[in-house]
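J.: Prediction below, plus the sequence it came from.
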Amino acid sequence: MKRILVSVLCLGLFVSGSQAVSSGKIKAYINSLEKKIAAAEKKNNGAKADKLYRLLADAENSLDMVSDQDQGMLMAAKPKAAVQSVPVVSAPDELSDYKEEVNAAFAQMKAEIGKVASDNKDAKVSGVIFFRWQKYLANGTASTPNNFDVERAYIDLKKKLSGGASARVVLDVSRLSNDSKKNLFDYLKYAYADIPLGLGAMPVTLTGKIGLQHTVWIDWADKMLGQRWIAKSLVDNESVMSSADFGLGAVGKITTGNFPEVEYHATAMNGTGYGAAETNSSKDAALRLNSTVLESKGIGNLQVGLWGNVRGITSSNLGGDNNLFGGMVGWKAPIYTLYVEYLGGQTSSKNISGFSVGGKCEVYAGVNAFLRVDNYNPDTSGTTKKIDRTFYGVTYDVNKDVKLSADIQTATGGSAASTSKGTTTSIFYLHSMIAY
């Protein structure tokens with residue numbers, strides 16, 4: 001196509017009527033091509049030199065044809081006033097330069113794209129969706145006896161930073177209680193950075209955390225059964241503590257000789273949770289310690305976790321207003337998991353207590369049966385608000401990214417929705433978790 005274009009431009013302009021073609025212009029063009037070829041070969045750019053050689057051959061053929069036509073015209077023509085000649089090779093010359101510029105532009109664009117890809121090679125976007133259908137079996141409400149809904153829809157963005165640091169931003173969805181249409185709105189669940197802090201030869205690792213981040217207990221407890229997509233763990237389910245808050249944190253490991261490794265997580269936070277702004281000067285401080293105290297290959301491992309939280313700390317009241325504490329012991333085996341959790345302390349100046357006992361067992365490849373029993377009393381001075389809950393059902397792992405569950409959850413007494421003391425609500429669920 002290039003050869004045809006060059007020949008047409010040279011010959012077409014030659015026969016264009018009253019305008020004469022100057023063979024000198026073609027020679028000038030040939031000279032410029034030869035210089036470009038020499039420059040390309042000097043730079044060892046063989047591909048560009050080959051293209052220029054092809055253009056050179058076409059130009060030389062055109063020069064031969066123009067020379068033959070010039071001889072015929074000189075014999076037949078009479079002397080005439082000089083006419084302005086058209087620089088016939090300006091078009092192919094500009095075309096060649098234009099193509100070179102386009103190629104250079106593409107090369108630069110490719111380099112820029114490569115740079116962007118390189119800069120973001122450590123960036124990761126993922127997420128998870130909790131979708132469910134529910135049907136009240138006993139003591140349901142008229143407004144939600146049978147419905148589908150999205151309980152969670154996380155968008156998780158992670159980026160590795162220089163020096164081993166990393167940043168994370170997580171968006172979630174929720175229905176606003178004051179919205180008449182009850183639309184799903186997205187909100188910020190996590191927004192924090194992890195910054196490794198070297199401690200030299202000490203047997204302790206330390207990573208600082210700043211921003212909107214996990215509180216010390218709930219995320220760790222959820223991992224014991226791995227069924228957050230079905231139900232929240234005890235502390236979260238009874239709204240004793242928020243799963244995220246604004247503040248500072250420190251996580252790491254302590255290794256001492258032949259003793260089991262201990263992980264720790266300490267925080268200093270607002271205390272209001274991720275769903276509310278700070279309204280006072282007090283802060284909360286919390287600490288979790290956990291360890292795998294016994295591990296047997298092929299049999300399982302024994303995990304123990306303890307935590308404490310001091311609420312309402314001020315400069316004049318370092319002991320805080322309310323203290324919370326709890327712990328969990330769990331055994332994780334290849335085909336089953338068992339655990340027991342305890343909760344105690346004060347909240348809103350009232351003594352609370354609670355426990356959760358549960359487990360799951362693989363009954364077929366990818367199929368697990370589970371059972372969990374919770375008890376929570378938000379005011380131990382009486383029993384009128386005591387709540388007993390059960391969770392039981394079957395889960396199926398479709399693959400590593402999709403899980404399904406058919407389960408029943410009950411709540412008896414207390415302040416559970418639509419219940420009074422001694423009355424039990426029962427709900428059948430079809431849960432699903434889709435990770436992406």
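T.: Looks like it came in fine. Residues are numbered from 1 along each chain as shown.
J.: Where does the closest residue to Ser432 other than its chain neighbours fall, secondary structure wise?
T.: In space, and not counting its chain neighbours, Ser432 is closest to Phe131: 4.9 Å by Cβ to Cβ, 6 or more residues apart in numbering. Bear in mind the C-beta positions are built from the backbone N, C-alpha and C, glycine included. For Phe131, the element it lies in under DSSP states H and E is strand 123-138.
J.: Name every strand pairing with that strand and say which way it goes.
T.: strand 146-160 (antiparallel), strand 424-435 (antiparallel) (DSSP bridges).
J.: Contacts for the first one, please.
T.: Strand 146-160 is contacted by residues 120, 122-136, 166-173, 184, 186, 189, 229 when judged by Cβ atoms under 8 Å, 6 or more residues apart in numbering.
J.: mind listing the strands for the stretch 251-400 of the chain?
T.: When secondary structure is read from DSSP state E, counting those that start in this stretch, the stretch 251-400 of the chain shows strands at 262-269, 283-296, 300-313, 322-332, 336-347, 350-364, 367-377, 387-397.
J.: ok, Gly312 touching Thr272?
T.: No - Gly312 is beyond contact range of Thr272, at 11.3 Å (criterion: Cβ atoms under 8 Å).
J.: coming back round to it: now the strands of the stretch 251-400 of the chain in JSON lines, please, with extra columns for distance to Leu212 and mean pLDDT.
T.: Shown next, in JSON lines, are the strands of the stretch 251-400 of the chain (distance: least, Cβ to Cβ, whole Å; pLDDT from 0 to 100):
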{"stretch": "strand 262-269", "distance to Leu212": "10", "mean pLDDT": "97"}
{"stretch": "strand 283-296", "distance to Leu212": "14", "mean pLDDT": "95"}
{"stretch": "strand 300-313", "distance to Leu212": "18", "mean pLDDT": "96"}
{"stretch": "strand 322-332", "distance to Leu212": "21", "mean pLDDT": "96"}
{"stretch": "strand 336-347", "distance to Leu212": "22", "mean pLDDT": "96"}
{"stretch": "strand 350-364", "distance to Leu212": "26", "mean pLDDT": "96"}
{"stretch": "strand 367-377", "distance to Leu212": "27", "mean pLDDT": "97"}
{"stretch": "strand 387-397", "distance to Leu212": "29", "mean pLDDT": "97"}
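J.: nearest to Lys36, of these?
T.: strand 387-397 (64.1 Å; Cβ to Cβ).
J.: Following the chain onward from that closest one, which element is next?
T.: Downstream of strand 387-397, the first helix or strand assigned by DSSP H and E is strand 402-412.
J.: Name the strands paired with that following strand and say parallel or antiparallel.
T.: Strand 402-412 has its sheet partners listed here by DSSP bridges as strand 387-397 (antiparallel), strand 424-435 (antiparallel).
J.: what sits up against the longest one?
T.: Right, strand 424-435. 126-140, 229-230, 393, 400-413, 416-419.
J.: can we see that at 7 Å?
T.: 128-140, 229-230, 401-412, 416-419 (Cβ atoms under 7 Å, 6 or more residues apart in numbering).
J.: just checking, Ile210 touches Leu248?
T.: Yes - between Ile210 and Leu248 a contact is recorded at 5.8 Å, counting by Cβ atoms under 7 Å.
J.: Which neighbours do these two have in common?
T.: With Cβ under 7 Å, 6+ apart, Ile210 and Leu248 have no common neighbours.
J.: re earlier: mind checking which of the strands paired with strand 123-138 is nearest Ile299?
T.: When these are ranked by proximity to Ile299 (Cβ to Cβ), strand 424-435 comes first, at 28.2 Å.
J.: Let me see the mean pLDDT of the closest one.
T.: When pLDDT is averaged over strand 424-435, the result is 95.
J.: Give the helix, strand or coil label for Lys51.
T.: Using DSSP: H, G, I helix; E, B strand; the rest coil, the structure places Lys51 in helix.
J.: which residues touch it?
T.: No contacts exist for Lys51 under Cβ under 7 Å, 6+ apart.
J.: Distance of it relative to Ala111?
T.: Using Cβ to Cβ, to the nearest Å, Lys51 is found at 21 Å from Ala111.
J.: just Lys124 next, same as before
T.: Counting by Cβ to Cβ, the separation of Lys124 from Ala111 is 24 Å.
J.: who's more crowded, those two?
T.: The neighbour comparison of Lys124 against Ala111 (other Cβ atoms under 10 Å) goes to Lys124, with 13 against 10.
J.: Any figure for the gap between the more buried one and Val363?
T.: Lys124 sits 34 Å away from Val363, taking Cβ to Cβ as the criterion.
J.: Name whatever forms a beta bridge with the residue nearest to Tyr342 when sequence neighbours are not counted.
T.: Nearest non-adjacent residue to Tyr342, counting by Cβ to Cβ, 6+ apart: Phe355, 5.2 Å away. For Phe355, the beta-bridge partners under DSSP bridges are Tyr342, Asn375.
J.: Then Tyr264?
T.: Going by DSSP bridges, Tyr264 forms beta bridges with Gly252, Leu289.
J.: Leu289 is in contact with that one, correct?
T.: Yes - between Tyr264 and Leu289 a contact is recorded at 5.4 Å, counting by Cβ under 7 Å.
J.: rewinding a little: which among the contacts of strand 424-435 end up buried?
T.: For the contacts of strand 424-435, a burial check counting by 16 or more other Cβ atoms under 10 Å picks out 128-132, 134, 136, 139-140, 229-230, 403, 405, 407, 409-412, 416, 419.
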